[in-house]
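Q: No sequence on hand, only this structure:
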C-alpha cells in the first residue's frame, strides 16, 4: 500500500440513471493515479478531488500535500486567465479587438495581434512550446524553445517585451499554435489597460479568487510585474474545483454573476484558427480543451478541460454535474489522458464504450515555423533560473521540506547547486560558482520572482 501523509476521504453517490453500468471501483482509479515513482520518490499524483452535485465524491492527497496545499497548475493557468479576460471585457476595460501592443508607443508587427487571437492561441507569432525533453547534465537544454526562454531565459525579466519582439509566422487568428506566450500576453494587455499596478495586482482576487473564497491561490509575476498568465499559478485542488463549479453554474456564485453571461459559451467554441485535420487527442477551444473522446461520443460530449504540464487537470462534465481535479508531478509523461478519462467516467458510472486511443498530449505543442528561432540565454543560465524558481515557490508557497524542494527543482542527475535561505526567504542557484541567479519570495499572493539576473551564458 502507498503510504500517505494526508487525508484520504472516499465517499459514494448513487446514480439511478447509471444503474445499468458497472462502475470502476475507486481502488482501480487510484491505483492508476497514485503510483510509486522509481528514484526520488516524488509521486505521480499529488492530489485527486472529484465533486458531483456539489458534494465531494473522492478526495486524496500524497507526500505532504493536503486540502490547503498550493500546487503549481502550469498551463491550467491559461484557462483561468481566459476567465479574468472575460471579466475585463465585460467591464469595458478590454475589448476583443484591442491590440497586443495596447499602451505601447513602440509598434511592431506583433501589434496586429488582438485579444481575441490570444484567447485562441493564434497570435501568429513564431513560437516553440518545447520543455525539458532534452537535457545537458540534467539541465533543461531546449535553448531554442520560446517558452523555456520566456520563463527561464531571455524573457523572464520582462515577458511582454519578449513576446512583442517575436517574429511573425502567420496572420493573426489564422493558424493555431499553442503558446504559453499568448496567454501571458493577455495579462500584459490587461496591465496596460488598467494603467495602475495596484489595481492590476488586486484584479484576480477582487474579481475572481476573492468572491469564490480561493484562499489558497497565488499568481506569480515576472520581474517587471506582469502576471505569468500562461503558466505560473499555484492553487489547491479545492480552490481549482471552485473554478470548475463556477463554470457548471454558468459563471454564477452564491447568487452573484462572476463571469459575464455568454462568455463561457464563447470560450467553449472552437476557434476558426484550428484545423481539425490535425486530429489532436485534445481539441483546442478558446483557452480550454475538449477531449477527442467527447467529440467521438465515447464520453459525454459536453466534457471540457483545462490541462497543464506535468499532469495538471481540471475536468468539467456539465451533463453529469461533475468537477474533477488531478494535480501531480508527471514529468516522465507516464500519464495517458484517455485512460484517465475512461477510469474517471467508469468510476462515476459511465464507462466508455471502446478501448483507449493511445496518444500523447504533447501533440498540440508541435511548433510551426519555429526552427530558426534564436535566443541569447544558454543552457547553464536556463538551468539555474529553472531550479531557483521552482525551489523558491516549492519552499515558500507550497511549504514543502528543503529536501523535497531541491529534488523537485532538479532534473536528475543535475549540476545545479541550490541554496534555500529561509531568513531572507530567497533561493540561490549556481553551477560550480558560475551562472548565479536568485529568486525571492514576495508574499502569499505573488509567490516568487527573480531578483538577480544571471550574467553568464554558455
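A: Sure thing, it's come through. Predicted model, so just to flag it, every value in this text is computed and none were measured.

Q: Spatially central, which residue of the chain would that be?
A: Geometric centre of the chain, nearest residue: residue 75, 1.9 Å, by Cα atoms, centre = their mean.

Q: didn't that residue look like it was pressed against residue 230?
A: Yes. Counting by Cβ atoms under 8 Å, residue 75 does reach residue 230; the two are 6.7 Å apart. Every C-beta, even on glycine, is put in place using the N, C-alpha and C of the backbone.

Q: Tally up the residues packed near residue 318, please.
A: Residue 318: 16 surrounding residues under other Cβ atoms under 10 Å.

Q: List the contacts of it.
A: 248, 302 (Cβ atoms under 8 Å, 6 or more residues apart in numbering).

Q: quick revisit: skipping adjacent residues, who's closest to the residue nearest to the centre of the chain in space?
A: In this structure, residue 75 finds its nearest non-sequential neighbour in residue 308, 4.1 Å apart by Cβ to Cβ, 6 or more residues apart in numbering.

Q: Next: residue 51.
A: The nearest residue in space to residue 51 (Cβ to Cβ, 6+ apart) is residue 323, at 4.6 Å.

Q: Isn't the one you found up against residue 245?
A: Yes. The pair residue 323 / residue 245 is scored as a contact, 5.6 Å apart, by Cβ under 8 Å.

Q: Please say which of the two ends up with more neighbours.
A: Neighbour totals were compared for residue 323 and residue 245, and residue 323 leads with 25 against 16 (other Cβ under 10 Å).

Q: circling back to that earlier point, list residues touching both of residue 323 and residue 245?
A: With Cβ under 8 Å, 6+ apart, residue 323 and residue 245 have common neighbours residue 51.

Q: now the residue nearest to the centre of the chain: how far from residue 232?
A: Per Cβ to Cβ, to the nearest Å, residue 75 is found 10 Å from residue 232.

Q: Same check on residue 259?
A: Applying Cβ to Cβ, the value for residue 259 to residue 232 is 22 Å.

Q: where exactly do the helices run in the chain?
A: Assigned by DSSP state H, the helices in the chain fall at 26-33, 76-90, 115-119, 146-152, 159-164, 180-194, 197-204, 210-212, 237-248, 263-267, 292-295, 337-347, 379-396, 402-408.

Q: now those helices in CSV, with mean pLDDT?
A: CSV is the format used below for these (pLDDT from 0 to 100):
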stretch, mean pLDDT
helix 26-33, 83
helix 76-90, 98
helix 115-119, 98
helix 146-152, 92
helix 159-164, 96
helix 180-194, 98
helix 197-204, 98
helix 210-212, 98
helix 237-248, 98
helix 263-267, 98
helix 292-295, 93
helix 337-347, 92
helix 379-396, 92
helix 402-408, 92
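
Q: now those as JSON lines including distance to residue 439?
A: Output for these, formatted as JSON lines (distance: least, Cβ to Cβ, whole Å):
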{"stretch": "helix 26-33", "distance to residue 439": "31"}
{"stretch": "helix 76-90", "distance to residue 439": "18"}
{"stretch": "helix 115-119", "distance to residue 439": "27"}
{"stretch": "helix 146-152", "distance to residue 439": "11"}
{"stretch": "helix 159-164", "distance to residue 439": "15"}
{"stretch": "helix 180-194", "distance to residue 439": "18"}
{"stretch": "helix 197-204", "distance to residue 439": "18"}
{"stretch": "helix 210-212", "distance to residue 439": "26"}
{"stretch": "helix 237-248", "distance to residue 439": "23"}
{"stretch": "helix 263-267", "distance to residue 439": "32"}
{"stretch": "helix 292-295", "distance to residue 439": "38"}
{"stretch": "helix 337-347", "distance to residue 439": "32"}
{"stretch": "helix 379-396", "distance to residue 439": "4"}
{"stretch": "helix 402-408", "distance to residue 439": "12"}
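
Q: Tell me which of those helices approaches residue 424 most closely.
A: Closest approach to residue 424 among the helices of the chain is made by helix 379-396 (10.8 Å; Cβ to Cβ).

Q: From the chain's centroid, how far away is that closest one?
A: Put simply, helix 379-396 sits 17 Å off its chain's centre (Cα atoms, centre = their mean, to the nearest Å).

Q: Give the other helices and strands that it contacts.
A: Counting contacts by 3 or more Cβ pairs under 8 Å, 6 or more residues apart in numbering; DSSP states H and E, helix 379-396 packs against strand 139-140, helix 146-152, helix 402-408, strand 417-421, strand 426-431, strand 434-443, strand 447-452.

Q: Show me which positions of it end up buried.
A: 379-396 (16 or more other Cβ atoms under 10 Å).

Q: Averaged pLDDT, stretch 165-172. What do you get?
A: Across stretch 165-172, the average pLDDT comes to 93.

Q: what about that stretch, how long is it end to end?
A: End-to-end distance of stretch 165-172: 15 Å, with Cα to Cα, to the nearest Å as the criterion.

Q: List the contacts of that stretch.
A: With Cβ under 8 Å, 6+ apart, stretch 165-172 has contacts from 108-110, 112-114, 117, 122-127, 146, 175, 177, 181, 368-370, 373.

Q: Then stretch 183-203?
A: Stretch 183-203 is contacted from outside by 75, 77-78, 81-82, 84-85, 88, 93-94, 98-100, 102-104, 113, 115, 118-119, 121, 123, 150, 159-160, 163-164, 225-231, 287, 445-446, using Cβ under 8 Å, 6+ apart.

Q: Select only the buried ones of the residues you listed in PyMOL?
A: Applied in PyMOL, the following selects the buried portion of the contacts of stretch 183-203 according to 16+ other Cβ under 10 Å:
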select buried, resi 75+77+78+81+82+84+85+88+93+94+98+99+100+102+104+113+115+118+119+121+123+150+159+160+163+164+226+227+228+229+230+231+287+445+446
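
Q: Which one, of the helices of the chain, ends up nearest to residue 429?
A: With distances scored as Cβ to Cβ, the stretch of these nearest to residue 429 is helix 379-396 (3.8 Å).

Q: just the angle between the closest one and strand 447-452, please?
A: Helix 379-396 runs at 140 degrees relative to strand 447-452, counting by axes from the mean of the first three to the mean of the last three Cα atoms, to 10 degrees.

Q: Next one: residue 433 from residue 415, what distance?
A: 12 Å.

Q: Mind checking which of these two has more residues around it?
A: Per other Cβ under 10 Å, whichever of residue 433 and residue 415 has more neighbours is residue 415, with 18 against 7.
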